[in-house]
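Undergrad: Need a 3D model of the following:
(one chain, ligands or ions: 1)
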Amino acid sequence: MQSRIQVIRGDITTMQVDVIVNAANSSLMGGGGVDGAIHRAAGPALLEACKVVRQQQGECAPGHAVITLAGNLPAKAVIHTVGPIWRGGEHNEARLLEDAYRNSLQLARDNDFHSIAFPAISTGIYGYPKAAAAEIAFHAVSDYITRRPQPEQIYFVCYDEENAGLYERLLTQQGDEP
Ligand code: ADP
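TA: Here you go, the predicted structure:
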């Protein structure tokens with residue numbers, strides 16, 4: 001049986017899935033890295049939608065997630081979640097990173113989405129060590145989906161070689177388990 005989790009090397013903005021996840025910052029006003037790429041590809045409607053969310057709900061705290069339209073992206077929607085900034089590992093970073101994945105999956109499910117694509121949240125500008133972040137991401141998602149049928153298909157979209165290698169290894173290990 002094919003795994004519900006797949007690892008893709010590439011650019012998350014091209015993913016033809018129900019919803020892609022943005023590694024946003026708390027302001028929801030765009031930024032660098034994957035956030036900048038998503039806003040560029042989606043066009044100005046995405047920033048307008050983020051402004052509305054911000055007016056209604058205020059900033060998005062680390063570990064939380066909000067949903068908007070997707071503008072010109074092939075996806076139907078964008079979930080914006082905020083990962084933790086790495087500050088040495090003793091500031092609840094692991095828990096907040098897990099929450100970012102879990103709350104994004106929950107929001108996808110609440111919106112009846114079947115497929116979702118994640119970037120490697122917090123592993124760029126926010127400085128989370130990639131191997132540790134990949135383990136948390138993989139286990140948070142695996143744990144969530146074993147107990148729920150939806151979303152059916154989860155993609156980890158790795159932009160850099162290091163993350164791609166780490167995620168591919170985790171997927172292989174999972175496949176080896178009885
Ligand atoms: P954060 O602030 O959460 O660290 P970044 O955007 O700086 O977010 O980085 C998160 C991850 O997103 C990094 O591993 C980076 O390689 C990756 N990334 C950057 N651009 C893209 C993209 N277009 N598609 C998928 N992943 C991307």
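Undergrad: tell me which residues in stretch 10-28 are buried?
TA: Of the residues in stretch 10-28, 12-13, 15, 17-25, 28 count as buried by neighbour count, 16 or more other C-beta atoms under 10 Å. To be clear about C-beta, it is placed using only N, CA and C from the backbone, and glycine gets the same treatment.
Undergrad: lowest-confidence helix or strand of this protein?
TA: Sorting the helices and strands of the chain by mean pLDDT, DSSP states H and E puts helix 161-176 at the bottom, at a mean of 94.
Undergrad: Secondary structure, distance to residue 145 and pLDDT added to the buried residues of stretch 10-28, as CSV?
TA: Formatted as CSV, the buried residues of stretch 10-28 follow (DSSP: H, G, I helix; E, B strand; the rest coil; distance: C-beta to C-beta, whole Å; pLDDT from 0 to 100):
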residue, secondary structure, distance to residue 145, pLDDT
12, helix, 19, 98
13, helix, 24, 98
15, coil, 18, 98
17, coil, 15, 98
18, coil, 15, 98
19, strand, 15, 98
20, strand, 17, 99
21, strand, 15, 99
22, strand, 21, 98
23, strand, 20, 98
24, strand, 23, 98
25, coil, 27, 97
28, coil, 27, 98
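Undergrad: Columns distance to the ligand on top of those residues, output as a markdown table?
TA: Conversion of the buried residues of stretch 10-28 to a markdown table gives the following (distance: C-beta to the nearest ligand atom, whole Å):
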| residue | distance to the ligand |
| --- | --- |
| 12 | 4 |
| 13 | 6 |
| 15 | 9 |
| 17 | 13 |
| 18 | 17 |
| 19 | 14 |
| 20 | 9 |
| 21 | 10 |
| 22 | 9 |
| 23 | 3 |
| 24 | 8 |
| 25 | 7 |
| 28 | 13 |
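Undergrad: Tell me, what's the model's pLDDT at the residue nearest to the spatial centre of the chain?
TA: Central residue of the chain (C-alpha atoms, centre = their mean): residue 118, 3.4 Å from the mean position. Note for residue 118: predicted pLDDT of 99.
Undergrad: Show the contacting residues for the closest residue in space to it that isn't next to it in sequence.
TA: The shortest distance from residue 118 to any non-neighbouring residue, by C-beta to C-beta, 6 or more residues apart in numbering, is to residue 21 (4.8 Å). By C-beta atoms under 8 Å, 6 or more residues apart in numbering, the contact list for residue 21 reads 12, 65, 78, 79, 80, 81, 104, 116, 117, 118, 119, 121.
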